[in-house]
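> coords please:
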Amino acid sequence: MTALNANGNTVASNAGLSFTTSAAPPAGSTFYVSLSGSDASGNGSSGSPWRTVAYAASQVTAGTNKTISVGAGTFVETQAIKLATGVNLKGAGEASTTITSSGAIPAPGVDQGSGDWKLWYDGSLIQLISDTYPAPNPKYGSPAAMLSSVNGNQTLSDFTIDGASKQIKAGVWVNNRNGVTMHHVTIKNCQQRGAVFGKGDMWWYEPLPDGKWMSNTTVYNCTFQNNGAQLGSETLGNLCIAGLDGAEIYNITINDNVGYGIKFIFVGHFRNVKVHDCNITVNETDAAWGEKIAIEMWNQSYGNEIYNITCNTWLSFVNHPQLFAAYDPVGTATTNLKIRNVRMIDSDGSSSKEAIEAAHSGIEISDCYIQDKGFGIAIWFGTGGGSNLKNVTIRNNIIANVNRSPGFGFGNSSGVFVPDATNNIKVYNNVFDRMGNGLQLTGANGVEVKNNVFLNCEGADVEGGGGVTFTNNLKYHTNPQKTAWNVGGIPVNATNIFGQPGFSNSGDRFGNYYKPASGTSLVVNKGVDVGIPFNGSAPDIGRWEYTGSVGRVAAAQTAANDAFTLYPNPTTGLVQVDISPNVQVESVELTDLRGSVLLKRTADSWQSRQLDFSRYDNGVYVIRVRHDKGVTLKKVIVAK
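Okay, here's the model as predicted:
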């Protein structure tokens with residue numbers, strides 16, 4: 001017989017042991033907490049609720065789909081809320097239920113002066129903790145010695161955590177539990193972190209083995225405000241994650257003047273993680289790195305995706321060189337990390353930082369708009385060492401200086417900067433506008449540069465690189481002294497053209513501005529097939545493909561009597577939504593045919609103008625757009 005504690009961990013085992021217990025509460029029980037309740041005399045029923053959430057958590061043992069329902073009001077806790085597996089915590093709504101404390105959460109027997117205090121769950125308000133290592137449960141060790149994650153199968157929802165003016169260390173800490181969901185939760189003003197979802201601390205420079213990952217974490221429709229911290233030279237984040245496989249994080253809003261947005265904790269490690277539809281604003285100054293980081297996720301295995309992100313500062317994705325062999329993609333694949341539809345605009349136009357740091361192999365970066373950053377995409381070793389990187393695709397991006405004057409320091413204000421040895425790079429269908437150098441390919445080898453637009457590069461269009469294939473690109477410069485290609489010794493054939501591209505030069509730069517104005521624009525049908533779908537006799541050069549009266553450009557321009565058009569429909573995944581210039585969008589909702597709201601975004605938080613249906617089942621869904629002239633509904637068919 002084996003005895004388990006409430007967290008699912010083995011505490012005793014004896015083949016001859018037997019004992020009798022009282023009957024457990026039935027599966028699906030609901031227990032109540034109210035400001036009118038009593039911990040001394042209450043029994044957790046609706047008619048006799050408990051008074052504090054921490055006491056309720058101490059009374060509700062592990063089970064299946066048990067729920068602690070917390071009523072409206074502000075609950076001032078004096079102890080950590082320790083939830084057993086299978087126990088949900090649900091408030092009456094973010095605006096109605098607040099959980100806080102009058103001071104720091106006690107952490108008896110823990111050395112709070114330790115340099116590792118920041119990595120321990122002790123002192124956090126809501127704790128979902130299962131042991132990372134066997135007894136005596138060290139906090140740090142070999143990844144091979146880690147215990148498999150325990151199935152939590154529980155949800156946190158519909159409340160606000162107030163960090164009591166930075167007195168509470170962290171709002172939520174989930175350690176080594178699978179199947180934990182958090183949604184419609186606001187966390188604000190915590191001391192070091194807003195929420196942590198992680199496997200636990202482990203040795204550096206070792207891959208996380210199969211069977212040791214923490215799986216099925218879901219965080220959505222959550223808001224984080226001012227939960228980060230600066231501890232010496234290290235900055236902590238609002239949402240901290242590590243050791244995750246199959247996680248999905250979406251519809252997250254983060255605002256912080258001190259901390260990072262989404263940041264790895266421990267040593268990171270990510271596999272099959274999707275982060276999407278997030279709006280992150282952090283400080284554009286930082287003593288150590290120049291700017292705070294919107295998303296920092298280190299040590300990427302396969303299957304990770306970052307998309308539909310609106311932010312003002314850089315993204316960092318780095319693998320330790322010791323993990324290159326373990327986590328490198330097979331063959332020519334770009335399956336470690338796909339980044340798409342990131343809209344990054346520097347607020348003050350004075351950045352010296354890169355927009356995206358990608359320091360590992362197997363990366364595809366597409367459909368992004370980057371404005372006024374020091375340089376665009378950096379492909380390098382990142383941590384100061386390593387062997388060759390490989391398999392990088394950079395396509396259909398716009399990288400522009402609008403308010404910033406490009407300079408020639410580190411990175412040469414380039415659109416793409418590759419200082420370290422990297423093989424098999426594809427640079428397709430991008431627009432580089434007012435860069436220092438368009439491409440700085442110092443360490444690159446085996447590079448295809450095709451279908452790109454180089455506008456007003458102050459220095460070289462391309463500098464450095466070995467084995468560069470340069471075809472079907474367009475150059476335009478307003479300075480008559482700089483109209484010739486400046487690519488060093490790279491062969492330039494007649495497929496590379498000069499002249500005004502024929503863009504619309506109106507509207508949002510991330511939308512209509514760089515689209516061909518008509519079918520006679522110079523860029524139309526002047527490209528070469530690189531495997532990206534196109535219309536006409538050949539691909540177009542640049543970010544956008546002109547598709548005529550039913551295409552991306554004309555759909556928005558001719559929608560005078562319709563608020564929006566969408567395509568493709570039916571769809572298997574992403575749907576582009578083109579808004580008529582005659583309306584001002586207020587919000588967008590996605591519902592099923594029963595009217596259940598699956599997604600709701602304001603105009604400010606839905607700037608990608610795309611909806612991702614890949615996680616939804618086949619069927620019919622409704623997009624409802626509210627605008628200044630009313631409400632418009634359209635059906636979308638998902639057919640995978």
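
> end to end, how far does stretch 485-502 reach?
19 Å (CA to CA, to the nearest Å).

> Skipping adjacent residues, who's closest to the residue nearest the centre of the chain in space?
Among the residues of the chain, the one closest to the centroid is residue 275, at 3.4 Å (CA atoms, centre = their mean). In this structure, residue 275 finds its nearest non-sequential neighbour in residue 249, 4.7 Å apart by CB to CB, 6 or more residues apart in numbering. For glycine as for every other residue, the C-beta is placed from the backbone atoms N, C-alpha and C.

> Retrieve the pLDDT associated with the nearest residue to residue 568 once chain neighbours are set aside.
Nearest non-adjacent residue to residue 568, counting by CB to CB, 6+ apart: residue 575, 7.0 Å away. pLDDT for residue 575: 86.

> low pLDDT regions in the stretch 451-600 of the chain?
Residues of the stretch 451-600 of the chain meeting the criterion pLDDT under 70: 549-562, 594.

> can you give me the helices in it?
Under the criterion DSSP state H, counting those that start in this stretch, the stretch 451-600 of the chain contains helices at 552-557.

> Now do the strands in it.
Using DSSP state E, counting those that start in this stretch, the strands of the stretch 451-600 of the chain run over residues 453-455, 462-463, 466-471, 474-476, 497-498, 564-567, 574-579, 585-592, 597-602.

> so the residue nearest to residue 568 bridges to which residues?
residue 611 (DSSP bridges).

> got the contact list for the residue nearest to residue 275?
Going by CB atoms under 8 Å, 6 or more residues apart in numbering, residue 249 touches 217, 218, 219, 220, 239, 241, 262, 273, 274, 275, 276, 278.

> do the same with residue 362
By CB under 8 Å, 6+ apart, the contact list for residue 362 reads 302, 328, 329, 333, 334, 335, 336, 337, 390, 391.

> so the fifth one touches residue 394, yeah?
Just to be clear, that refers to residue 334. No: counting by CB atoms under 8 Å, residue 334 does not reach residue 394; the two are 10.2 Å apart.

> If you count surrounding residues, which of those two has more?
Between residue 334 and residue 394, counted using other CB atoms under 10 Å, residue 394 has the larger neighbour count: 29 against 18.

> Please save the CA atoms from whichever strand or helix holds the more buried one in PDB.
For residue 394, the host element (DSSP states H and E) is strand 389-395. Included here for strand 389-395 are C-alpha records, laid out as PDB according to Å, rounded to 0.1, in the frame of the first residue of the first chain:
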ATOM      1  CA  LEU A 389      23.500  27.700 -36.000                       C
ATOM      2  CA  LYS A 390      21.400  26.600 -38.900                       C
ATOM      3  CA  ASN A 391      18.000  26.700 -40.600                       C
ATOM      4  CA  VAL A 392      16.700  30.300 -40.200                       C
ATOM      5  CA  THR A 393      13.800  31.600 -42.400                       C
ATOM      6  CA  ILE A 394      13.000  35.400 -42.300                       C
ATOM      7  CA  ARG A 395      10.100  36.200 -44.500                       C
END
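
> Neighbouring strands - and their directions - for that strand?
Short version: by DSSP bridges, strand 389-395 pairs with strand 363-366 (parallel), strand 422-428 (parallel).

> Make CSV from the ones you listed and add mean neighbour count, mean pLDDT and distance to residue 547 to it.
Shown next, in CSV, are the strands paired with strand 389-395 (neighbours: other CB atoms under 10 Å; pLDDT from 0 to 100; distance: least, CB to CB, whole Å):
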stretch, mean neighbour count, mean pLDDT, distance to residue 547
strand 363-366, 24, 97, 18
strand 422-428, 23, 97, 18
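
> Switch those strands over to TSV; also include distance to residue 112.
Shown next, in TSV, are these (distance: least, CB to CB, whole Å):
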stretch	distance to residue 112
strand 363-366	40
strand 422-428	44
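
> Which one of these lies nearest to residue 320?
Ranking those by proximity to residue 320 (CB to CB) places strand 363-366 first, at 15.8 Å.
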